[in-house]
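Chemist: when you get a sec, could you give me coordinates for this:
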Amino acid sequence: MRYLTKVVETYRLTDEHEVEEFLQELKKDYRFEVAKYSSTKKEKKSKGEVIDEWIRFEVTKLFNSEAEPETPITIEYSKESAF
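Modeler: All right, here's what the predicted structure looks like:
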């Protein structure tokens, strides 16, 4: 039997306010435990000028104890079209 124990996900968010909202949303989800998270401000520069800014948000989600897993977990990813 295969048990998913944890995943690390990386998101691009617009600002710290969105980081706080998203973190609260994640912490309310009963399907996993938020083990750790981090946010890093990123900038894209062109000729020394900042042309884009965002927040890289990384979160580690725990689904099962590795030593004593309880529940098989199925994860599905879907990609929305930008068009």
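
Chemist: how about the helices in this structure?
Modeler: Shown for the chain, the helices assigned by DSSP state H span residues 16-28.

Chemist: farthest residue from the center of it?
Modeler: With distances taken from the mean C-alpha point of the chain and given as C-alpha atoms, centre = their mean, the most distant residue is residue 47, at 31.2 Å.

Chemist: and that one, how far is that from residue 53?
Modeler: If you measure residue 47 against residue 53 using C-beta to C-beta, to the nearest Å, the figure is 16 Å. Glycine gets a C-beta too; all of them are placed from N, C-alpha and C.

Chemist: any stretches of this protein with poor pLDDT?
Modeler: Along the chain, no part satisfies pLDDT under 70.

Chemist: all the strands of it, in order from the start?
Modeler: 6-13, 33-46, 49-62 (DSSP state E).

Chemist: deepest-packed of the ones you listed, please.
Modeler: Mean neighbour counts were compared across the strands of the chain using mean count of other C-beta atoms under 10 Å; the top stretch is strand 49-62, at a mean of 14.

Chemist: elements contacting it?
Modeler: Of the remaining helices and strands, those touching strand 49-62 by 3 or more C-beta pairs under 8 Å, 6 or more residues apart in numbering; DSSP states H and E are strand 6-13, helix 16-28, strand 33-46.
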